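A.B. asks: Sequence isn't available, so here's the structure alone:
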């Protein structure tokens with residue numbers, strides 16, 4: 001005997017699975033957003049190295065090679 005599900009039960013299962021998918025997606029997105037905020041905060045706290053070369057340093061380097 002084939003077991004047939006009523007249309008209402010199929011709709012209920014579809015609604016349940018859809019709701020679960022939406023909730024999981026929402027949690028994943030919020031976790032990723034929080035992780036991104038933490039990483040951005042860490043990058044802002046670290047001082048960025050300054051790459052400045054004075055002209056006199058480069059001139060001394062060039063004269064030493066000659």
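C.D. replies: All right, it came through fine. Please read these numbers as outputs of a predicted model, since none were measured by experiment.

A.B. asks: Kindly give the local confidence score, pLDDT, for residue 6.
C.D. replies: In the predicted model, residue 6 carries a pLDDT score of 92.

A.B. asks: And it, its phi and psi?
C.D. replies: The phi and psi torsions at residue 6 (degrees, to the nearest 10) take the values phi -70, psi 150.

A.B. asks: distance of it from residue 15?
C.D. replies: Taken as Cβ to Cβ, to the nearest Å, the spacing of residue 6 relative to residue 15 amounts to 14 Å. All C-beta atoms are positioned from the backbone trio N, CA, C, and that covers glycine.

A.B. asks: again, but for residue 4
C.D. replies: Where residue 15 is concerned, residue 4 sits at a distance of 19 Å (Cβ to Cβ).

A.B. asks: neighbour-wise, which of those two wins?
C.D. replies: Each of residue 4 and residue 15 has its neighbours counted (other Cβ atoms under 10 Å); residue 15 has more, 10 against 7.

A.B. asks: in which helix or strand would I find that one?
C.D. replies: Secondary-structure element containing residue 15, defined by DSSP states H and E: helix 7-45.

A.B. asks: can you pull the buried residues of that helix?
C.D. replies: Within helix 7-45, no residue qualifies as buried by neighbour count (16 or more other Cβ atoms under 10 Å).

A.B. asks: which other helices and strands contact it?
C.D. replies: With contacts defined as 3 or more Cβ pairs under 8 Å, 6 or more residues apart in numbering; DSSP states H and E, helix 7-45 has no packing partner among the helices and strands.
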